[in-house]
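Undergrad: the sequence and its predicted three-dimensional model are supplied below.
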Amino acid sequence: MTAPWFMFATGIESSYPTIKNGSVRVDEMEKCGHYKHWREDFKLVQDLGIRYLRYGPPIHHVWLGPSRYDWSFPDETFGMLNALDMVPIADLCHFGVPDWVGNFQNSDFPELFARYARSFAQRFPWVQLYTPVNEMFICATFSAAYGWWNEQLASDLAFVTALKHIVKANVLAMAAILDVRPDAIFIQSESTEYFHADEPDAIKPAEIMNSRRFLSLDLNYGRRVDSEMYEFLMDNGMTREEYHFFLNYQLRQHCIMGNDYYLTNEHRIAPDGRTWASGEIFGYAEITRQYYNRYRIPIMHTETNLAEGVTGEEAVIWLRKEWANVLRVRNSGIPIVGFTWYSLTDQIDWDTALCGENGHVNPLGLCDLDRNMRPVGVAYQQLIQRWKRVLPTQSVCLTVPVIRPSQFDSAHTASQVEKARGLRQGASAGQMIADRAG
């Protein structure tokens with residue numbers, strides 16, 4: 001019943017933040033043609049030899065109000081994924097909320113979202129893998145620190161407010177899903193960042209930002225934040241009661257840490273705190289090692305891409321480089337269980353962070369928007385064929401305990417449920433994986 005091979009994945013780009021004071025929603029599924037071509041998209045995933053798909057329903061179309069849902073589109077799409085025996089990593093909130101919720105400053109959002117997550121799990125009980133809230137740190141930063149999306153605020157107070165609501169929503173959603181599916185596994189897709197001091201006077205700002213980058217995962221995994229970050233949270237609206245909620249809600253034993261890495265994830269920082277992209281300096285392997293040393297749970301490379309470029313080989317070279325980094329992580333003894341090229345198709349307007357509707361096609365996908373394979377798609381298909389039998393850490397004891405859709409009816413027995421319930425009493429993620437593999 002376990003997934004015998006490394007988890008090679010892709011995703012359907014499903015960002016849907018609002019801009020222009022909430023009057024315009026940037027719906028990447030619509031812009032990239034998924035609503036029209038979803039059957040073809042899933043078939044492309046299958047043809048590529050990919051069996052894991054980061055995919056979620058468009059929350060603004062499905063979640064109509066408190067306990068009001070329109071499941072018509074997810075019923076069709078998840079129904080086809082089930083029929084294809086493809087394993088979805090259900091992406092329930094991807095950078096936006098329905099209009100009736102407002103934005104991430106809404107203190108009711110965490111409890112409301114937990115009910116939505118529970119309803120999804122009840123509707124699709126065969127789904128086992130989840131990313132309840134995608135890139136929590138980036139979502140809070142772009143919405144409430146940079147002023148680009150959703151609430152479009154730019155202050156420390158707004159950032160901390162958004163962050164605590166987003167992470168609490170993620171935690172409560174995990175708990176709600178576990179009530180329905182006790183053996184659920186949560187793959188937190190989070191941006192892995194690093195800040196390089198541009199000159200000696202920038203060392204302190206770099207230290208602060210290199211601590212701040214961990215805030216979402218510290219809270220999510222119930223880890224005590226660094227002392228300066230504790231003061232930062234308290235100074236900007238988080239109460240002691242709110243902070244202790246995160247320390248007391250320990251669900252990390254059900255988690256795989258998803259590390260996203262792009263060419264823009266490393267930054268230079270000036271003495272006044274200004275930042276800009278540095279390009280790749282340390283790379284995925286080194287920065288992922290820093291995150292693993294902090295949290296000590298299994299990891300997955302959950303996002304990367306690069307534009308195809310003028311020669312058509314730039315993205316292929318990046319794919320090979322990222323895969324080499326994955327192997328380096330794995331060979332160093334860190335339990336890494338999967339890799340993802342994100343996304344299946346090209347995207348629209350990510351060159352301006354979805355801040356406007358410019359119609360720029362970003363050639364980042366395995367396929368273009370006409371659903372023709374790009375060179376990186378061919379290269380990824382070949383990479384999967386050559387490497388798919390490689391176990392996460394060369395040990396069957398660390399195989400991810402995934403029950404495929406086709407196995408759900410026969411495999412999801414009462415004994416399996418009781419075994420999963422036992423894990424909620426405090427078994428580590430490593431124990432969970434080892435126990436299920438046995």
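TA: It's in.
Undergrad: residue 302: which element?
TA: strand 299-303 (DSSP states H and E).
Undergrad: please, where are all the strands along the stretch 301-438 of the chain?
TA: Applying DSSP state E, counting those that start in this stretch to the stretch 301-438 of the chain gives strands spanning 336-342, 347-348, 361-362.
Undergrad: now distance to residue 98, mean pLDDT and mean neighbour count too, for these, in TSV please.
TA: Where you see a C-beta, it was placed from the backbone N, CA and C, and this is true even at glycine. Below are those laid out as TSV (distance: least, Cβ to Cβ, whole Å; pLDDT from 0 to 100; neighbours: other Cβ atoms under 10 Å):
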stretch	distance to residue 98	mean pLDDT	mean neighbour count
strand 336-342	24	96	25
strand 347-348	21	98	23
strand 361-362	26	98	17
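Undergrad: now the ones you listed in JSON lines, with distance to residue 8?
TA: Below are the strands of the stretch 301-438 of the chain laid out as JSON lines (distance: least, Cβ to Cβ, whole Å):
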{"stretch": "strand 336-342", "distance to residue 8": "6"}
{"stretch": "strand 347-348", "distance to residue 8": "20"}
{"stretch": "strand 361-362", "distance to residue 8": "22"}
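Undergrad: nearest to residue 47, of the ones you listed?
TA: Of all the strands of the stretch 301-438 of the chain, strand 336-342 sits nearest to residue 47, with 14.6 Å by Cβ to Cβ.
Undergrad: ok, the nearest residue to residue 358 once chain neighbours are set aside - contacts?
TA: Nearest non-adjacent residue to residue 358, counting by Cβ to Cβ, 6 or more residues apart in numbering: residue 349, 5.4 Å away. Contact partners of residue 349, counting by Cβ atoms under 8 Å, 6 or more residues apart in numbering, are 26, 31, 355, 356, 357, 358, 359, 360, 362.
Undergrad: would you mind finding the longest helix in the chain?
TA: Ordering each helix of the chain by length in residues (DSSP state H) puts helix 156-180 first.
Undergrad: averaged pLDDT, that helix. What do you get?
TA: Mean per-residue pLDDT for helix 156-180: 98.
Undergrad: and it, what other elements does it pack with?
TA: Under the contact criterion of 3 or more Cβ pairs under 8 Å, 6 or more residues apart in numbering; DSSP states H and E, helix 156-180 touches helix 109-123, strand 129-133, helix 136-144, strand 185-191, helix 215-220, helix 227-235, helix 240-248.
Undergrad: out of those, which one sits most buried?
TA: strand 129-133 (a mean of 28; mean count of other Cβ atoms under 10 Å).
Undergrad: contacts for that one next, please.
TA: Outside of strand 129-133, the residues within contact range by Cβ under 8 Å, 6+ apart are 52, 54, 56, 87-93, 113, 117, 139, 166-167, 169-170, 173-174, 177, 184-189, 258, 302, 402.
Undergrad: again, only using 6 Å
TA: Strand 129-133 has contacts (Cβ atoms under 6 Å, 6 or more residues apart in numbering) with 89-93, 117, 166, 169-170, 173, 177, 185-187, 189.
Undergrad: still on that earlier bit, using TSV, lay out the contacts of residue 349 together with distance to residue 215.
TA: Output for the contacts of residue 349, formatted as TSV (distance: Cβ to Cβ, whole Å):
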residue	distance to residue 215
26	25
31	31
355	23
356	28
357	31
358	31
359	34
360	31
362	28
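Undergrad: pull out the buried members of these.
TA: Neighbour counting with 16 or more other Cβ atoms under 10 Å marks 26, 31, 355, 362 as buried within the contacts of residue 349.
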